[in-house]
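Participant: What would the 3D arrangement of this be:
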Amino acid sequence: MKPWLRGDLTGVDPRGGLDRLRDVVLAAAHRGEDLSLLWSALGELDAVACAELAAGPKAVPHAQSVRGCIAALDALETVLAPSGLYTRLADLAPEVGPELLAAAIERHPQAGWLIRISRRFEEIPGASILAAASSAGLEDAVELIVANGLEQALKEWTQRTANPLAAVTWLRRDDASRAAEYAAIAVDADPKSPVLAWLSAVRGPDVQDLADDIAARLTTEEGRSGFAAWRA
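Facilitator: So this is what the prediction gives:
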C-alpha cells in the first residue's frame, strides 16, 4: 500500500486492520523501505494500535520496522512506559540499539533505566549519556554515572573536558580518595582546571589534605606546575 508508506492512512481502521498493516510493514521492511511516515501517521491516528503493532505480540522483528518506530515515539510513550518500550524495541532489532539509545537519551536524559540500555549497546557504558548532557543536566548525568559505577566513561569524560564535576560528586559522597583521583585527572588534562575552588565549595576552605592527595596523583609536569600555581 504505497499511500500508507507515505503516511496516508485515510479510511484505515487501525485496530480492525492491524493484520493488514503488519503485512505491509513486514513486506516494506524486507524491501528496505523507510517506514517512518507510516509509523508517525499510525501513532497520530491511534496510539494504542501503534503500540500494539510496534511492541506487542504482533510486532515485526526487523531493523527497518523498529527504526521507523522512532518517528512515533511521542505516541508510543503515551501508551507504554519508556523503560519497557525501548527495551522491547531493542529486543526486536538489536542492531538498532545504538539509535534507540540516542533517542532515549535525548528524550529522557536523566532516567535511571538508560544505564541498562547503555550497558547493552555501548562499548563504554555511560559515554553517550555524558556526551549528550546539557549544561543544565550535567550534574545529574554525572551523578547517574557515578551511582552506577561506570568509571571508564567518567574517567574518559574527565580527561576530555577537564571538568571537576566528577571530583565534586565523589566528595559529596564522602569519598575523598576518589575525589582526589578525579581531580588529578582533570588537572592533568588541563592545568587550569579549577578543582580546588570547586572542592572548597563543597567542603569549605580547609582542603589541604585533599590538595596533598591530588598533587601526589598528578602524572604530568604541566599538571604539577599548574596545580602548584593554584595552591600558591
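
Participant: quick one: low-confidence parts of this structure?
Facilitator: Counting by pLDDT under 70, the ranges of the chain that qualify are 1, 232.

Participant: mind running it again at 80?
Facilitator: When residues are selected by pLDDT under 80, those of the chain lie in 1-2, 229-232.

Participant: wait, what's in contact with Leu171?
Facilitator: Residues in contact with Leu171 (C-beta atoms under 8 Å, 6 or more residues apart in numbering) are Ala179, Leu199, Val202, Arg203, Leu210. Heads up, the C-betas are built off the backbone N, CA and C, glycines and all.

Participant: I'd assumed Ala167 was in contact with the first one.
Facilitator: Yes - contact criterion C-beta atoms under 8 Å: Ala179 and Ala167 qualify, at 4.7 Å.

Participant: which neighbours do those two share?
Facilitator: Taking C-beta under 8 Å, 6+ apart as the contact definition, Ala179 and Ala167 share the neighbouring residues Leu199.

Participant: For the two, indicate the residue with more neighbours.
Facilitator: Relative neighbour count places Ala167 above the other of Ala179 and Ala167, with 31 against 28, counting by other C-beta atoms under 10 Å.

Participant: Contacts only, for that one.
Facilitator: Thr158, Arg178, Ala179, Ala180, Glu181, Tyr182, Ala183, Ala186, Val195, Trp198, Leu199.

Participant: Helix or strand for it, just tell me which one.
Facilitator: Element membership of Ala167 [criterion: DSSP states H and E] is helix 165-172.

Participant: Now that helix: buried residues?
Facilitator: Using 16 or more other C-beta atoms under 10 Å as the test for burial, helix 165-172 gives Leu165, Ala166, Ala167, Val168, Thr169, Trp170, Leu171.

Participant: Whichever helix or strand comes after it vs helix 165-172, what angle?
Facilitator: Towards the C-terminus, the helix or strand next in line after helix 165-172, according to DSSP H and E, is helix 176-189. What separates the directions of helix 176-189 and helix 165-172 is an angle of 160 degrees, with axes from the mean of the first three to the mean of the last three C-alpha atoms, to 10 degrees.

Participant: With just CA atoms, put the very next helix or strand once past helix 176-189 into PDB.
Facilitator: Next along the chain after helix 176-189, taking DSSP H and E as the criterion, comes helix 195-203. Presented in PDB, the C-alpha positions along helix 195-203 are these (Å, rounded to 0.1, in the frame of the first residue of the first chain):
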ATOM      1  CA  VAL A 195      39.500  21.800  41.000                       C
ATOM      2  CA  LEU A 196      40.500  23.300  44.400                       C
ATOM      3  CA  ALA A 197      37.900  26.000  44.100                       C
ATOM      4  CA  TRP A 198      35.100  23.500  43.300                       C
ATOM      5  CA  LEU A 199      36.200  21.200  46.100                       C
ATOM      6  CA  SER A 200      36.400  24.000  48.500                       C
ATOM      7  CA  ALA A 201      32.800  25.000  47.600                       C
ATOM      8  CA  VAL A 202      31.700  21.600  48.900                       C
ATOM      9  CA  ARG A 203      34.000  21.000  51.900                       C
END
